[in-house]
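J.: quick one: sequence and predicted model below, then my questions.
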Amino acid sequence: MRIVLVSSGSVARQFAEELSREDDVVVVHSGEEGLSELEKLDVELLEGEGNDVSVLKRAGVEEADYLIACTRSDEMNLLACLMGRQLGKARTICFVGKEEYIKTFGAQDGSVIGEAPRLGIDHLVWPARMLADKIEKVLAVPGATDVGRFAQGRISLLEYRLRDGSPFIDKPIMEVRALPPGVLMAAVTRGEEWFVPRGQSVLAEGDRVLFIGRSEAMHQLAAWFTETLGEEATGDLVIIGGGTVGLRLAQSLERNPKARIKIIEHDEERCAAIAHALERALVLHGDGCDLDLLEAERVRYARALVAVTDSDEKNLLASLLGRHLGIPKVITRVTNSANRRVFERVGIDVPLSTRGAATEAVLHLIRHRDVDLLATIGEGQGEVLELTVPERFTPKPMHELAMPQDSIVASIVRKGDAMVPGGATLVGPGDHCIVICKVERVEEVLKVFLQP
């Protein structure tokens with residue numbers, strides 16, 4: 001395929017690096033940010049603006065299969081995609097940050113990756129909503145570092161970091177007896193390594209372990225971790241940064257009448273706009289990195305602090321202050337994905353990338369349109385997929401499926417019922433299988449189910 005990327009920042013690097021392994025990639029780039037990294041890749045690099053017709057023609061957009069516009073300017077992205085559609089037949093993918101564009105151009109249900117029928121753009125991608133929604137889910141479960149719900153709420157996913165004294169560590173998984181029936185230990189993140197554990201795998205302190213299972217059973221697991229970790233589900237929620245992500249998160253949290261929300265924003269005019277948009281939240285004008293302000297507002301008694309400014313440095317400092325004050329859960333926005341590992345090393349439990357998950361979702365859309373991506377996990381190394389077993393598939397027990405390494409059928413939904421399968425569970429046509437696997441194993445997983 002021929003793919004044209006329109007970029008002005010570092011987000012194109014991930015697209016270019018992944019797509020150039022198999023496809024012909026042209027990057028239309030403006031500015032110095034991210035340029036040196038792009039020059040190291042096997043891509044064609046053109047200096048210019050994405051809204052310049054002559055530049056798009058030189059990039060070969062007339063023969064391109066996809067055009068991805070992911071600059072920091074919504075307007076630039078929209079114009080690039082509109083011009084691309086006029087010049088050729090490329091499927092267009094447009095990153096936007098402003099909610100008004102999602103509403104104006106009719107993205108279906110305001111979804112994270114939705115069609116824009118009024119505009120003619122194939123997909124609008126809204127990373128800010130994806131990040132705000134993810135933070136809201138993680139906040140809802142004390143102690144969890146990742147949360148997901150699938151199959152209309154029948155299946156839940158929870159990730160926890162194992163601490164000293166946990167009954168899961170220093171013994172083979174096959175000997176662990178602490179899991180409720182209907183819960184599966186599905187994946188482990190250990191440092192920079194992500195893998196699907198087997199019965200003989202031994203977990204260690206500091207591992208982030210992903211559990212998945214029937215939602216009623218997962219409630220029991222969550223209650224056990226909440227009691228063990230000693231985190232409270234009550235108290236103020238403090239948001240540092242009142243930009244698009246911070247405001248949307250506060251609006252969502254306000255739907256819970258018991259939620260007590262404080263937003264700290266340094267821009268006075270923005271404070272006024274936020275206060276007008278919210279009903280109950282307390283909006284404070286000030287610097288979220290000012291320890292005196294945090295002390296005066298009794299932030300140390302908050303149950304969670306969320307740092308979502310547009311500066312990684314400010315987010316990191318605010319998060320470290322939150323840790324210093326003893327706040328049990330600190331969630332931090334990371335704009336530059338290269339900083340995520342640094343955040344974890346200094347003790348930030350939940351660093352979330354602004355565009356990371358959205359970028360992974362777009363890559364999946366291009367590569368694997370025949371299977372649904374439910375979530376990205378393990379810092380983008382793993383995926384949660386949902387696929388429907390085709391009619392031509394010959395029924396067979398789970399233990400006979402030739403599943404590739406670092407992949408697992410985590411649950412099956414059959415006629416509305418959800419289950420965690422065992423080795424003797426029969427898999428057959430019409431079953432909806434939720435599979436967890438490494439990104440590079442997706443094609444191998446598909447072959448297992450799509451072949452008779």
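T.: Yes, it's here.

J.: where's Leu82 relative to Val53, distance?
T.: 11 Å (CB to CB, to the nearest Å). For every residue, glycine as well, the C-beta is placed using N, CA and C.

J.: try Phe393
T.: Taking CB to CB, one finds Phe393 at 48 Å from Val53.

J.: equivalent analysis for Val371, please.
T.: For Val371, the distance to Val53 equals 36 Å [CB to CB].

J.: please say which of these two ends up with more neighbours.
T.: Neighbour tally, Val371 and Val53, criterion other CB atoms under 10 Å: the higher count belongs to Val371, 20 against 13.

J.: per-residue pLDDT, the more buried one?
T.: In the prediction, the pLDDT value recorded for Val371 is 85.

J.: what does stretch 8-26 contact?
T.: By CB atoms under 8 Å, 6 or more residues apart in numbering, the surrounding residues in contact with stretch 8-26 are 1-5, 7, 27, 29-31, 33-34, 37-38, 41-46, 59-60, 64, 68, 70-73, 76, 95, 336-337, 355-356, 359, 362-363, 366.

J.: show only the entries of these found in strands.
T.: Residues of the contacts of stretch 8-26 located in strands (DSSP state E): Arg2, Ile3, Val4, Leu5, Ser7, Val27, His29, Glu44, Leu45, Leu46, Ile68, Phe95.

J.: which of the residues you listed ranks first by neighbour count?
T.: Busiest of the ones in strands among the contacts of stretch 8-26 [other CB under 10 Å] is Ile68, holding 33 neighbours.

J.: burial measure for the residue nearest to that one when sequence neighbours are not counted, as a count.
T.: Ranked by CB to CB, 6 or more residues apart in numbering and with sequence neighbours excluded, the top spatial neighbour of Ile68 is Ile93, at 4.6 Å. Neighbourhood size, Ile93 [other CB under 10 Å]: 24.

J.: repeat for Gly288
T.: Look at Gly288: counted by other CB under 10 Å, it has 28 neighbours.

J.: per-residue pLDDT, it?
T.: For Gly288, pLDDT reads 94.

J.: spit out the contact partners of the residue nearest in space to the middle of the chain.
T.: Central residue of the chain (CA atoms, centre = their mean): Ala357, 3.6 Å from the mean position. Counting by CB under 8 Å, 6+ apart, Ala357 makes contact with Pro127, Met130, Leu131, Lys134, Ala375, Thr376, Gly380.

J.: would you check how far apart it and Ser54 are?
T.: From Ala357 across to Ser54, the span is 34 Å (CB to CB).

J.: now swap in Ile173 and tell me
T.: Distance, Ile173 to Ser54, by CB to CB: 59 Å.

J.: where do the helices sit along the stretch 101-250 of the chain?
T.: With helices called from DSSP state H, counting those that start in this stretch, the stretch 101-250 of the chain shows them at 127-139, 215-229, 244-253.

J.: list the buried ones in the first one?
T.: When neighbours are counted by 16 or more other CB atoms under 10 Å, the buried residues of helix 127-139 are found to be 127-139.

J.: okay, the angle between that helix and helix 244-253?
T.: 50 degrees (axes from the mean of the first three to the mean of the last three CA atoms, to 10 degrees).

J.: average pLDDT for helix 127-139, rounded please.
T.: The model assigns helix 127-139 a mean pLDDT of 89.

J.: show me the contact partners of that helix.
T.: Residues outside helix 127-139 that contact it (CB under 8 Å, 6+ apart): 95, 97, 99, 102, 110, 112, 144-149, 237, 244-245, 248-249, 252-253, 304, 306, 308, 329, 331, 333, 350, 352-355, 357-358, 361.
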